[in-house]
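1. whatever this is, show me its structure:
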Amino acid sequence: MTDALTGRLIALGVTGSIAAYKAVELLRALTAAGADVVVLLSPAATRFVGPLTFAALSRHPVETELMELLPDGRIGHIVVADSADAIVVAPATAHWLGAMANGLAGDVVTATCLATSAPVVVAPAMDGEMWRHPATQGNVARLRDAFGYRIVDPDVGPLASGQVGEGRLAELEAIVAATIAAVADRPVRAPDAGARPPLAPTSPRDADLTGRRIVVTAGGTREPIDPVRFIGNRSSGRMGVALAEAALDRGADVTLIAADVSVPLPDDRARIVRVETAAELRAALQETLFERGPTTPIDALVMAAAVADFTPAKATTTKLERSAGLTLELMPTPDLLAEIASNPNRPLLVGFAAETGSLDRAAAKLRRKGVDLLVANDVSEPGSGFGTDTNRVVILDADGGSAPLPLLSKREVAERILDRVATALDARDTAAQTDDMKPSDAVEAGPR
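-> Predicted coordinates for the structure are as follows:
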């Protein structure tokens with residue numbers, strides 16, 4: 001399905017279901033198929049996933065209010081209605097199905113669907129009994145038979161109520177496939193970009209980590225042989241510092257744990273902790289992550305530092321004589337990533353893997369380390385090694401996903417990594433909010 005939606009504008013309508021967090025990945029899937037995506041959020045949807053997440057990924061302002069105007073004075077949801085090639089409502093709650101079936105334009109999602117001649121794809125998600133209720137089934141039948149909407153029926157699986165039944169949002173691949181089928185025999189409605197919703201005038205990345213506490217490690221550790229010699233590596237710290245600066249610019253409270261670096265540190269904006277050895281880095285991480293108390297939890301740790309794998313078994317306190325020759329006994333340093341990953345109170349964890357010649361081992365390393373995201377690069381590739389201003393990486397995730405990036409500046413690589421961090425933190429918060437919710441809280445509230 002790659003590029004099947006190239007040139008298309010797809011409007012993604014999100015309503016107030018627990019499954020709203022899946023709409024973030026649906027946006028990514030539609031984009032991966034080539035679509036330009038603009039997002040519409042009902043008021044209840046904004047309680048599950050914030051507009052900034054969708055704005056950062058779509059590069060469009062998110063429509064949340066019926067009377068909201070675009071910067072040029074046009075009515076936002078009308079512009080979407082007139083220019084979108086298809087509208088995808090996913091997840092669609094029982095409340096939204098009832099409002100839409102009866103033409104009640106109480107939010108931007110229903111209003112846009114009422115105002116458009118584009119095909120509409122609807123993917124319901126709700127509790128099983130709610131899905132089977134005759135009222136819901138009648139509303140679905142009217143949308144399908146009278147309105148011509150494509151309904152992507154929910155799947156059977158675990159529901160928010162704790163039960164297992166029909167009502168789970170359909171697989172994203174099925175929703176994307178239905179969208180492709182809906183536009184397959186239609187010309188592009190608005191090929192002129194000027195007729196479409198504008199791109200965001202400024203990047204919403206500027207604020208999407210506001211209130212988050214991020215710890216970044218940078219640079220290479222130095223393991224002492226004697227007072228003047230050490231075992232080190234070629235890390236300059238550029239990637240870690242770029243991550244810290246990008247997180248600061250996006251509103252995060254940043255602690256930068258810096259080993260040996262050759263670039264300036266943002267010491268006027270971040271809390272800087274200087275370390276030299278792997279043992280010192282281990283102690284700094286333990287204190288920063290787990291000993292600051294419950295009032296200051298860390299949201300994410302990005303381990304960009306190049307930690308030495310070995311350290312001398314015994315460092316001498318005096319300089320070794322050159323004429324005597326040198327035989328070193330080395331011992332492995334602690335696996336800091338694996339240690340932190342095994343702690344039940346750990347934050348979101350991003351690891352790095354510097355490989356040479358191939359990235360074949362990266363997926364196994366992600367599983368072995370137990371991290372949420374792993375950023376792998378081939379340091380032997382020109383422009384992608386230590387000390388360069390650019391990097392080419394692959395971002396792997398714990399669900400088996402792999403996102404290769406082209407050669408980019410290290411700052412842009414940092415932004416792409418933090419895009420994933422921001423999205424993952426939003427999803428984690430959404431999941432936490434639903435833990436104590438009753439089944440009835442899983443659907444959108446009544447009319448407004």
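
2. could you pull out the strands for the stretch 1-150 of the chain?
-> In the stretch 1-150 of the chain, the strands defined using DSSP state E, counting those that start in this stretch lie at 9-14, 36-41, 86-92, 120-124, 150-151.

3. low-confidence regions, the stretch 251-400 of the chain specifically.
-> By pLDDT under 70, the weakly predicted segments of the stretch 251-400 of the chain are 292-296, 324, 356, 358, 383-385.

4. quick one: the helices in it?
-> Assigned by DSSP state H, counting those that start in this stretch, the helices in the stretch 251-400 of the chain fall at 278-290, 336-341, 362-369.

5. go through the second one and flag the buried ones.
-> Which is helix 336-341. For helix 336-341, burial by neighbour count (16 or more other CB atoms under 10 Å) applies to 336, 337, 340, 341. Using the backbone N, CA and C atoms, a C-beta is placed for each residue, glycine as well.

6. now swap in the longest one and tell me
-> Buried residues in helix 278-290, counting neighbours by 16+ other CB under 10 Å, are found at 278, 280, 281, 282, 284, 285, 288, 289.

7. stretch 164-171 now?
-> So for stretch 164-171, counting by 16+ other CB under 10 Å, buried means 165, 166, 167, 168, 169, 170.

8. the longest helix seen in the chain packs against which elements?
-> As assigned by DSSP state H, the longest helix anywhere in the chain is helix 410-434. On a contact count with 3 or more CB pairs under 8 Å, 6 or more residues apart in numbering; DSSP states H and E, helix 410-434 meets helix 22-32, helix 51-58, helix 238-249, strand 300-303, strand 348-355, strand 373-378, strand 390-391, strand 393-397.

9. may I see these arranged in TSV, with distance to residue 43 and mean neighbour count as well?
-> Listed next are the helices and strands packed on helix 410-434 as TSV, based on distance: least, CB to CB, whole Å; neighbours: other CB atoms under 10 Å:
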stretch	distance to residue 43	mean neighbour count
helix 22-32	15	21
helix 51-58	11	22
helix 238-249	30	25
strand 300-303	29	27
strand 348-355	28	22
strand 373-378	32	24
strand 390-391	41	20
strand 393-397	31	21
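
10. how far out from the middle of the chain is the longest helix of the chain?
-> Mean-position distance between helix 410-434 and its chain equals 4 Å (CA atoms, centre = their mean, to the nearest Å).

11. quick one, that helix and strand 348-355 angle?
-> Interaxial angle of helix 410-434 relative to strand 348-355 (axes from the mean of the first three to the mean of the last three CA atoms, to 10 degrees): 150 degrees.

12. for the stretch 151-300 of the chain, just list every one of the strands.
-> Ranges of strands in the stretch 151-300 of the chain, per DSSP E, counting those that start in this stretch, are 155-158, 164-168, 213-218, 223-224, 230-231, 253-258, 271-274, 300-303.

13. any chance of the ones you listed in JSON lines, plus distance to residue 199?
-> What follows is those, written out as JSON lines (distance: least, CB to CB, whole Å):
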{"stretch": "strand 155-158", "distance to residue 199": "34"}
{"stretch": "strand 164-168", "distance to residue 199": "34"}
{"stretch": "strand 213-218", "distance to residue 199": "27"}
{"stretch": "strand 223-224", "distance to residue 199": "48"}
{"stretch": "strand 230-231", "distance to residue 199": "49"}
{"stretch": "strand 253-258", "distance to residue 199": "28"}
{"stretch": "strand 271-274", "distance to residue 199": "35"}
{"stretch": "strand 300-303", "distance to residue 199": "27"}
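
14. among those strands, which is nearest residue 141?
-> With CB to CB as the criterion, residue 141 lies closest to strand 164-168 of the strands of the stretch 151-300 of the chain, at 16.0 Å.

15. any idea how far that closest one is from the chain center?
-> Distance, centroid of strand 164-168 to centroid of chain: 26 Å (CA atoms, centre = their mean).

16. neighbouring strands for that strand, and are they parallel or not?
-> strand 155-158 (antiparallel) (DSSP bridges).

17. CA atoms of the strand it pairs with as PDB?
-> The C-alpha trace of strand 155-158 is given here as PDB (Å, rounded to 0.1, in the frame of the first residue of the first chain):
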ATOM      1  CA  ASP A 155     -12.600  -6.600  15.900                       C
ATOM      2  CA  VAL A 156     -13.000  -9.100  18.600                       C
ATOM      3  CA  GLY A 157     -10.500  -8.600  21.400                       C
ATOM      4  CA  PRO A 158      -9.800  -7.200  24.900                       C
END
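
18. contacts for it?
-> Contacts to strand 155-158, defined as CB atoms under 8 Å, 6 or more residues apart in numbering, come from residues 164, 165, 166, 168, 169, 170, 171.

19. ok, the last one - contacts?
-> In other words, residue 171. residue 155.

20. what pLDDT is listed against it?
-> Note for residue 171: predicted pLDDT of 94.

21. skipping its backbone neighbours, what lies nearest residue 228 in space?
-> residue 319 (5.5 Å; CB to CB, 6 or more residues apart in numbering).
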